[in-house]
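Enquirer: build me a model from this:
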Amino acid sequence: MTLLTSLAAAFLGGFALEKLHVPSGALIGAMIGVTVHNIGFRQVAALPAPVTFVAYVVLGWAIGFGVNRQSLASLRTAVVPIVLVVVALLVFGGLLAVLLVRWGGYDPVTAYLSASPGALSQMTVLADQSGSNLLFVVTIHTVRVVAVLAVAPLVTRWLS
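Expert: Numbers count the residues shown, from 1 in each chain. Have a look, this model is predicted:
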């Protein structure tokens, strides 16, 4: 029963935030819904392995669906900026990970995944698959996404 009520909470939370036009509302709403469910019922439903597999396949499908020849061709003119940004983010993320290990006491994998740039959904999958501190990684990336969503309109208004 807990698995079904947890799924209902995920759908309810996702639907609510989508209706409120919250960016990434389905993902964030589902996370909030299940969190509230878990705290309220004091039970956590473990996802069966086949369900987790299907969820990861659907996520990979959704990400890959947006890539085609035209989208890749349009990136040719942006190779240098892309490489510079990626290298800078990886180096900065690596430095932050070192600080999280030394000062925060986190294991290196959790620290690196927490400090690495990436979409919330993909970082969640990586954290889960690596056995790192899933709650910490998800919290860091959720706060990051919410902060970017809150600040981005102000920055874009200032830049334009």
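
Enquirer: show me what contacts the most centrally placed residue in the chain?
Expert: With distances taken as CA atoms, centre = their mean, residue 120 lies nearest the centre of the chain, 0.7 Å away. The contact partners of residue 120, by CB atoms under 8 Å, 6 or more residues apart in numbering, come to 24, 27, 28, 138, 141, 142, 145. (Glycine included, C-beta is placed from N, CA and C.)

Enquirer: what strand or helix carries the second one?
Expert: When you say that, I think you mean residue 27. helix 25-41 (DSSP states H and E).

Enquirer: list the buried ones in the helix or strand following that helix?
Expert: Downstream of helix 25-41, the next assigned helix or strand under DSSP H and E is helix 49-65. Neighbour-count burial for helix 49-65 flags residue 59 (criterion: 16 or more other CB atoms under 10 Å).

Enquirer: just the C-alphas of helix 49-65, formatted as PDB.
Expert: Output of helix 49-65 as PDB, limited to C-alpha atoms (Å, rounded to 0.1, in the frame of the first residue of the first chain):
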ATOM      1  CA  ALA A  49      14.400  -2.800  -9.300                       C
ATOM      2  CA  PRO A  50      12.300  -3.100 -12.500                       C
ATOM      3  CA  VAL A  51      10.500   0.200 -11.800                       C
ATOM      4  CA  THR A  52      13.800   2.000 -11.200                       C
ATOM      5  CA  PHE A  53      15.200   0.500 -14.500                       C
ATOM      6  CA  VAL A  54      12.100   1.700 -16.400                       C
ATOM      7  CA  ALA A  55      12.400   5.200 -14.800                       C
ATOM      8  CA  TYR A  56      16.000   5.500 -15.800                       C
ATOM      9  CA  VAL A  57      15.300   4.300 -19.400                       C
ATOM     10  CA  VAL A  58      12.400   6.800 -19.700                       C
ATOM     11  CA  LEU A  59      14.700   9.600 -18.400                       C
ATOM     12  CA  GLY A  60      17.400   8.600 -20.900                       C
ATOM     13  CA  TRP A  61      14.900   8.500 -23.700                       C
ATOM     14  CA  ALA A  62      13.600  12.000 -22.800                       C
ATOM     15  CA  ILE A  63      17.100  13.400 -22.800                       C
ATOM     16  CA  GLY A  64      18.200  11.700 -26.000                       C
ATOM     17  CA  PHE A  65      14.900  12.600 -27.700                       C
END
